[in-house]
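>>> Sequence first, then the predicted structure, then my questions.
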Amino acid sequence: MTEASGTDARAIFFDGRRARRRQVTIIIGPVLEILEEDTPLARWAWDDIRRADGHGRLRLKTLAGSNPLARLEIADPELARIVETRCTALDHGQGRGRTRQILGWSAAACVSIVLLAVYGIPFAADRITPLVPRSVEARLGDATDRQVRALLGGETCARPQGQAALDRMVMALLDAGLPPEDDETVVDVVVLSSDVVNAIALPGGRIYVFDGLLQKAETPDELAGVIAHEIGHAHHRDGLRTVIRAGSTSFVIGLLFGDVAGGAAIVTAADAVLNAAYSRDAEIAADDFSAAAMAALGRSPAAFGELLVRVTGESEGHGTLLDSHPFGADRLARLAAAGRAADGPALLNTTEWQALKSICGSAERPGPKREALKNSDRPARF
């Protein structure tokens, strides 16, 4: 068994259950071993490894792991080349297992398709969404991600100290907000260097927080309330539900038969994510999720509402988190009534908060590429 040496052996591992980025060492031998500080995390057989969309770097998944959403990212080109040569079926389809999976949930969704034809997409979306496997939703999210990034602009911000502070905040919110029995919600929170005052959740759990919103937040609690709200949307699968509602019968049928990476599906999904507002019920449910998570941490849920009210007063045009979501006093009142004043430990200390506020450094923060948005005046949705 041989081990790649030095920095070449380093990679990033996502266990598919939490937002944490694990710095790991990989050992290349009869199988691909993944270790964190000498603690084994996973052993992947080479024949089971497949390529996942890695946004310019090698991202791998395995067909045989206990969690199909686990991902391994390798940024070093030489190490990536070595690993690729060992993967005998890197770009192969997932074979009969995938076919059986698609056929299984497609058959279960036939009743929903009938309802779709009779009663329409809005009615059927609530019934179709729970039938779509999380792995399929993740594929839709991966396929949509690149299109959304191209439309919105901005680079990923990942200064180490700021990223560590963000990860700490997200982990606290996940532990406080998700029920213990939930082992399926996967969340990956990323800051983008854009002046847009917004946060957005894609199908599959990718959450973008734009630096414009980060700079508007005056306290960690204000930002945490927004992120918790978006985690609530991910937990309730509102992104997938909105994509289905905004699509058509043909899109839903394509989704049911596995066409989640096709051009039509991507365009429909990206347009829905960028332009379609969540329903009032979905917003209330996400607000309640945020309030419950913050209250469980001993922090005030009202901080979230105070940020939104302040943004409302400062907004002079498009590009804010309220463009598609007017924030009423009734929502602020609900958040204020959902918990007491902050009496728990701070989510971040002063040093961590300043590191998070500086996660994008001095990089230029572009706005959305409005020419690419065509007829949309709303670059993103909160």
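Good, I have the coordinates. What you see is a predicted model, and the numbers here were worked out from it, not measured in a lab.
>>> Which stretches in the stretch 1-150 of the chain count as helices?
Taking DSSP state H, counting those that start in this stretch as the test, the helices found in the stretch 1-150 of the chain are 77-86, 95-108, 110-119, 121-128, 134-152.
>>> shaky segments in the stretch 51-200 of the chain?
Residue ranges of the stretch 51-200 of the chain with pLDDT under 70: 54-56, 93-124, 153-154.
>>> low-confidence ranges in the stretch 251-382 of the chain?
For the stretch 251-382 of the chain, residues meeting the criterion pLDDT under 70 lie at 251-277, 313-329, 332, 336, 338-340, 362-382.
>>> Do a quick rundown of the strands in this structure.
For the chain, applying DSSP state E gives strands covering 2-3, 10-14, 22-28, 31-36, 39-45, 49-52, 58-62, 71-74, 156-157, 188-192, 199-201, 206-210.
>>> Could you export the ones you listed as TSV, including distance to Arg334 and mean neighbour count?
Where you see a C-beta, it was placed from the backbone N, CA and C, and this is true even at glycine. Shown next, in TSV, are those (distance: least, Cβ to Cβ, whole Å; neighbours: other Cβ atoms under 10 Å):
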stretch	distance to Arg334	mean neighbour count
strand 2-3	54	10
strand 10-14	34	19
strand 22-28	37	17
strand 31-36	41	18
strand 39-45	41	15
strand 49-52	39	18
strand 58-62	40	22
strand 71-74	36	22
strand 156-157	32	19
strand 188-192	24	22
strand 199-201	19	26
strand 206-210	22	26
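>>> Check the gap between Arg21 and Gln161 for me.
Per Cβ to Cβ, to the nearest Å, Arg21 is found 14 Å from Gln161.
>>> okay but Ala346 is in contact with Ala172, surely?
No - Ala346 lies out of contact with Ala172 (Cβ atoms under 8 Å); the separation is 10.6 Å.
>>> Who has more neighbours out of the two?
Neighbour count, other Cβ atoms under 10 Å: between Ala346 and Ala172, Ala172 has more, with 19 against 15.
>>> okay, now the domains of this structure?
In terms of domains, the chain is parsed into 2-86, 111-373 (source: automatic domain parsing).
>>> Out of the ones you listed, which is the most enclosed?
Stretch with highest mean neighbour count among those: domain 111-373 (a mean of 19; mean count of other Cβ atoms under 10 Å).
>>> Next one: the closest residue to Pro68 other than its chain neighbours from Ala64, what distance?
Once flanking residues are discounted, Pro68 sits nearest to Ser135: 4.8 Å by Cβ to Cβ, 6 or more residues apart in numbering. Here Ser135 is placed at a distance of 13 Å from Ala64 (Cβ to Cβ).
>>> Spit out the contact partners of the residue nearest to Thr129 when sequence neighbours are not counted.
In this structure, Thr129 finds its nearest non-sequential neighbour in Arg241, 4.6 Å apart by Cβ to Cβ, 6+ apart. If you count contacts by Cβ atoms under 8 Å, 6 or more residues apart in numbering, Arg241 has them with Ala125, Asp126, Thr129, Ala282.
>>> could you list every residue that touches the first one?
In this case it means Ala125. Contacts for Ala125 (Cβ under 8 Å, 6+ apart) come out as Arg241, Ile244, Arg245.
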